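A.B. asks: Using only what follows, build the 3D model:
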Amino acid sequence: MLSTNRKMERFSLKLPATVSVPGSDSSFELHTDNICAGGTFLCTDHPLPVGTDVELDLVLSLNELKKLDGNTVRINVTGEVVREEQGGMAISFTKNYSITPNERNGNGGVNLTSREKEILTRIASGASNREIADALFISHHTVKTHIYNIYKKIKVPNRFQAALWIAENLA
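C.D. replies: Numbering: from 1, shown residues only. Next up, the predicted model:
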């Protein structure tokens, strides 16, 4: 923890951060110098102008915090550049954020429910919607809804692409 007279406890953590500006197609990779619940300071030779709205994707290794092997958490926050100086820029976080597990191994970085994984496995085995519904004791309409949600999450348009995704990410 950094010892300063600040309202929030600030920690000296070097976290990877992907920074993007809403409405722009570009993003860049930086590292935090320090971070607290209200904001962070990012090291960069090219700080953005004060007042620029940004989106940050931070990856926090649970291994560093809890000594859990290889697990990470992805923190997605929005904020505003509040100070720029030589060597970096300070960003104040807004209240909009999400913290999600970043499970790269075993699900391709997509947060699938156990039911969705079960349905995907049955799709890969060639089961029809009706066969999936009968095996899981749910309606075929529910299966269709699950498949629609799965396709959106894994960003595929059809069963064939879903089966390929399964082979690459869940096998």
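A.B. asks: Going by C-alpha atoms from here, please, whenever you check contacts or count neighbours.
C.D. replies: OK.
A.B. asks: which residues are in contact with the top helix by length along the chain?
C.D. replies: For the chain, the helix with the greatest residue count under DSSP state H is helix 140-154. The set of residues external to helix 140-154 that reach it, using CA atoms under 8 Å, 6 or more residues apart in numbering, is 110-112, 116, 119-120, 129-130, 132-133, 157-158, 162, 165.
A.B. asks: cutoff 6 Å now
C.D. replies: 129-130, 133 (CA atoms under 6 Å, 6 or more residues apart in numbering).
A.B. asks: Please compute how far that helix lies from its chain's middle.
C.D. replies: Chain-centre distance of helix 140-154: 21 Å, with CA atoms, centre = their mean, to the nearest Å.
A.B. asks: What residues sit buried inside the helix or strand that that helix is followed by?
C.D. replies: Per DSSP states H and E, the first helix or strand lying C-terminal to helix 140-154 is helix 159-169. Judged by neighbour count using 16 or more other CA atoms under 10 Å, the buried positions of helix 159-169 are 159, 162-163, 165-166, 169.
A.B. asks: same question, stretch 121-133
C.D. replies: For stretch 121-133, by 16+ other CA under 10 Å, it's 121-124, 129, 132-133.
A.B. asks: right, and the pair among these with maximum separation?
C.D. replies: 124 and 133 (14.9 Å; CA to CA).
A.B. asks: out of the buried residues of helix 159-169, which one sits closest to residue 31?
C.D. replies: Closest to residue 31 out of these is residue 169 (28.1 Å), distances taken as CA to CA.
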